[in-house]
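[1] next one to model:
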Amino acid sequence: MIDGRRRPGYVGQLPAPVIQNNVGAVSAPPPSAFPTDEFPIPDRWRLAKALCPDKNYVGIQNVCHSQFDPYHQNSLKGDRPIQLDKKPFFLPITGDDWFFGINAISDTIIEPRSFPTPVADQTSERPGATDTFGRQNSLVAVQTALFGFGLTKGSTAYKPPDIEYRALFAYQVNYVNVEERRVLNVRSSKPSHRTDVFFGVQELFVDKHLGNRSDRFDFDSLRIGIQPVQLDFRGFLFQDNQLGIRFFGNRDNNRYQFNVQAYWRLDKDTNSGLNDVTKKPRDDYVVSANLFAQDFPVQGLTSLVSVTGNFNREKERTLDHNGFPVRPALLGDQRPREYDVYYVGYSLDGRIKRFNLSSTVYGAFGEDRNNFFTSKPAKIRALFAAAELSYDIDWIRLKLSGLYTSGDGKPKDNKETGFSAIFENPIFAGADTSYWIRQTVPFAGGGVNVAISPRNGIINDLRTSKEQGQSNFNNPGTMLLGVGADFDILPQLRFSTNLNHLWFENTATLRELRNEGSIPKTIGWDLSGAIIWRPSMVQNAIFRLSGAVLDPGKGFSDLFTNSRGDDRYYSVLFNAILSF
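    Residues are numbered from 1 along each chain as shown. A predicted model of the protein is given here:
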């Protein structure tokens, strides 16, 4: 055993008792012997800082640092309250419990990749290239700078803030280069590369503490504005930053947490995916209520029960920034669509002994006003299920993943049984290291600007995009089985790998759209790996290099045979995140 450490379940022998026998020892001096001078300080947060003028004061060096040092006590990060005699003139605050914190993030992405690239009519840059799919290589480079600040009243170490004002802005420059025209822009005269910039508002809200409900600070709060939202543990249904109102709180010493929330979805910029506040919000509304229960049904697990409604009233035809139609998707009768869908879900997340479990089940019920195959109303009846089981062996975590989303087996009846999410960002089966989750796979030959699955998404729901498209419940569904492992080689270094096998749940929709008699279900094997390096063992600097390969199965090859006969697709991702 190492001194000072013990393994679980081990009880060592107690040392022999120390018996003192100090005959004639001098007793401690009385309190009156000590100086009675007092030195008032503004508050307890500045107690250590008051000693900083003496840079050689033993034991206090760690609090005497530059205000731009993010690793130690810092007034710019909310570690100490605002001094009223030094506050900016535009802050109408009183009291000594206001805190100001800023955060700045640099997110850099360099991503060489390949995917089935459609060749539009008479637009190929190569004479004689008449196949449906052409050259597949592309390059993406993205630099995003985020700057946010928060103004908070009240000590948040043990209770919620009395009020919080929060803002987060993002500025992005992105560059894309592909090998075929009319991929980046509907006009064939445009080149096959593009540089674009955009400024987005990702957070802008006020959070008001409505009151405490117990002496242990169970509370109710109300948050209004553009705010982060995630409706389940892994981001399967709705994970985004959206305009809304959220009433939330907890009970029974934080054992139960609840949320009642409503969102009016903001439109997104086409090329960056950031919120575009210069446009009127979409006629797309989300209402949700959920309840978390810790240590239920057994100790170590947290249960989540939720009910969510998505009400879409987008009847107008809409083009994206590049001129492609996004609403409605050009599938079937191409008429505008609107729908009401309700998601009833149950999730588990936690640990049972050395096993980690995360699972989610959703049932989708509702009505689509226009089935694009029949031009008639159709009932929505769809199912989603996903689970990940992992086991820890010292510095290794082994993972087993499974996912099922129902597909539509009878596209021309009055029932749509393919599952579609609102805005998914799944942290599952390799997440955005995985080829299938990371890359958009276009569905050429069945619909213009329609994808089999979206970027940073796992569900095959045949929509134009997560950012601007509508949910679609006429889809082939998804099945996935995967294994993976995380290796914490060093505290600063992790290696992760995943191997997933994917299928379409039902190809009837694909056969109908492609006018093909048979399409196999197998999508293929998705192998990915990533190295993640945190040089300071904290989240202020994270570097990731990942790679993925898709080995297509018979179903994928049937849909996406290309002119060069390439039988594998790749994705390489370098990502550097620096934060203050």
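
[2] how near is the residue nearest to A141 when sequence neighbours are not counted to D526?
    Distances taken as CB to CB, 6 or more residues apart in numbering put Y175 closest to A141, at 4.5 Å, once the chain neighbours are dropped. Using the backbone N, CA and C atoms, a C-beta is placed for each residue, glycine as well. According to CB to CB, to the nearest Å, Y175 and D526 sit 26 Å apart.

[3] tell me which of the two has more neighbours.
    Per other CB atoms under 10 Å, whichever of Y175 and D526 has more neighbours is D526, with 26 against 14.

[4] element containing that one?
    strand 522-533 (DSSP states H and E).

[5] partner strands of that strand, parallel or antiparallel?
    Strand pairing for strand 522-533, using DSSP bridges, gives strand 493-503 (antiparallel), strand 541-552 (antiparallel).

[6] make TSV from those and add mean neighbour count to it.
    Below are these laid out as TSV (neighbours: other CB atoms under 10 Å):
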stretch	mean neighbour count
strand 493-503	20
strand 541-552	19
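
[7] and the ones you listed: which comes nearest T433?
    Nearest of the strands paired with strand 522-533 to T433, taken as CB to CB: strand 541-552 at 4.4 Å.

[8] buried ones in the helix or strand following the closest one?
    On the C-terminal side of strand 541-552, the closest following helix or strand by DSSP H and E is helix 554-559. By 16 or more other CB atoms under 10 Å, the buried positions in helix 554-559 come out as 555-556, 558-559.

[9] and the next helix or strand past helix 554-559?
    Counting by DSSP H and E, the next helix or strand C-terminal to helix 554-559 is strand 569-579.

[10] grab the nearest non-local neighbour of L301.
    In space, and not counting its chain neighbours, L301 is closest to G350: 3.8 Å by CB to CB, 6+ apart.

[11] tell me how many other residues surround the one you found.
    Neighbourhood size, G350 [other CB under 10 Å]: 18.

[12] tell me who's in contact with it.
    Shown in contact with G350 (CB atoms under 8 Å, 6 or more residues apart in numbering): 300-302, 356-357.

[13] 10 Å instead?
    Counting by CB atoms under 10 Å, 6 or more residues apart in numbering, G350 makes contact with 233, 294-296, 298-303, 356-358.

[14] and F384, by the same measure?
    Counting by CB under 10 Å, 6+ apart, F384 makes contact with 236-237, 343, 345, 360-364, 403-406, 419-421, 424, 459, 477-478.

[15] that one: which element?
    strand 378-393.

[16] only the buried residues of that strand, if you could.
    378, 380-388, 390.

[17] and those residues as a markdown table, adding pLDDT and distance to K87?
    Below are the buried residues of strand 378-393 laid out as a markdown table (pLDDT from 0 to 100; distance: CB to CB, whole Å):
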| residue | pLDDT | distance to K87 |
| --- | --- | --- |
| A378 | 96 | 59 |
| I380 | 97 | 54 |
| R381 | 97 | 58 |
| A382 | 97 | 54 |
| L383 | 98 | 55 |
| F384 | 98 | 50 |
| A385 | 98 | 53 |
| A386 | 98 | 49 |
| A387 | 98 | 51 |
| E388 | 97 | 48 |
| S390 | 97 | 48 |
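
[18] turn the buried residues of helix 554-559 into JSON lines, including distance to G249 and pLDDT.
    As requested, the buried residues of helix 554-559 are arranged in JSON lines below (distance: CB to CB, whole Å; pLDDT from 0 to 100):
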{"residue": "G555", "distance to G249": "47", "pLDDT": "90"}
{"residue": "F556", "distance to G249": "47", "pLDDT": "90"}
{"residue": "D558", "distance to G249": "52", "pLDDT": "86"}
{"residue": "L559", "distance to G249": "48", "pLDDT": "85"}
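
[19] so which residues of the stretch 351-500 of the chain form helices?
    With DSSP state H, counting those that start in this stretch as the criterion, the stretch 351-500 of the chain has helices at 435-438.

[20] go on, the stretch 51-200 of the chain?
    Going by DSSP H, counting those that start in this stretch, the stretch 51-200 of the chain shows no helices.

[21] so where's it uncertain?
    Along the stretch 51-200 of the chain, the model assigns pLDDT under 70 to residues 51-64, 120-132.

[22] who touches H209 in this structure?
    The neighbourhood of H209, defined by CB under 10 Å, 6+ apart, consists of 153-154, 159-164, 219-222, 249.

[23] poorly predicted segments of this structure, please.
    Low-confidence segments of the chain (pLDDT under 70): 1-6, 35-64, 120-132, 445-447, 562-566.

[24] just want the most central residue of it.
    Nearest to the geometric centre of the chain sits N425, at 5.0 Å (CA atoms, centre = their mean).

[25] does that one touch E467 like I think?
    No. Using CB atoms under 10 Å, N425 is not in contact with E467; the gap is 11.3 Å.

[26] mutual contacts of these two, please.
    Residues touching both N425 and E467 (CB under 10 Å, 6+ apart): D240.

[27] and T522, bridged to which residues?
    According to DSSP bridges, the residues that bridge with T522 are W503.

[28] give me the number of residues near it?
    T522 has 18 neighbouring residues, counting by other CB under 10 Å.

[29] if we can go back for a sec, greatest separation within the contacts of G350: which pair is it?
    Comparing all pairs in the contacts of G350 by CB to CB, the longest separation belongs to F233 and Q299, at 17.9 Å.

[30] more neighbours: these two, which one.
    Per other CB under 10 Å, whichever of F233 and Q299 has more neighbours is F233, with 19 against 10.

[31] who's in contact with the more buried one?
    Taking CB under 10 Å, 6+ apart as the criterion, F233 is in contact with 292, 302, 304, 347-350, 358-360, 388, 427-428.

[32] got the CA coordinates for whichever helix or strand V206 is part of in CSV?
    Per DSSP H and E: V206 is located in strand 193-212. Provided in CSV are the C-alpha atoms of strand 193-212 (Å, rounded to 0.1, in the frame of the first residue of the first chain):
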residue,chain,number,x,y,z
HIS,A,193,-14.9,25.9,-53.2
ARG,A,194,-16.3,28.5,-50.8
THR,A,195,-15.3,30.8,-47.9
ASP,A,196,-18.0,32.1,-45.7
VAL,A,197,-18.2,34.1,-42.4
PHE,A,198,-21.1,34.5,-39.9
PHE,A,199,-21.8,36.0,-36.5
GLY,A,200,-24.3,34.2,-34.3
VAL,A,201,-26.0,34.7,-31.0
GLN,A,202,-25.8,31.4,-29.1
GLU,A,203,-26.9,32.5,-25.6
LEU,A,204,-28.8,35.6,-24.4
PHE,A,205,-30.9,35.0,-21.3
VAL,A,206,-31.9,36.1,-17.9
ASP,A,207,-32.2,33.6,-15.1
LYS,A,208,-34.3,34.6,-12.0
HIS,A,209,-34.3,32.7,-8.7
LEU,A,210,-38.0,32.5,-7.6
GLY,A,211,-37.3,31.3,-4.1
ASN,A,212,-36.0,28.5,-1.9
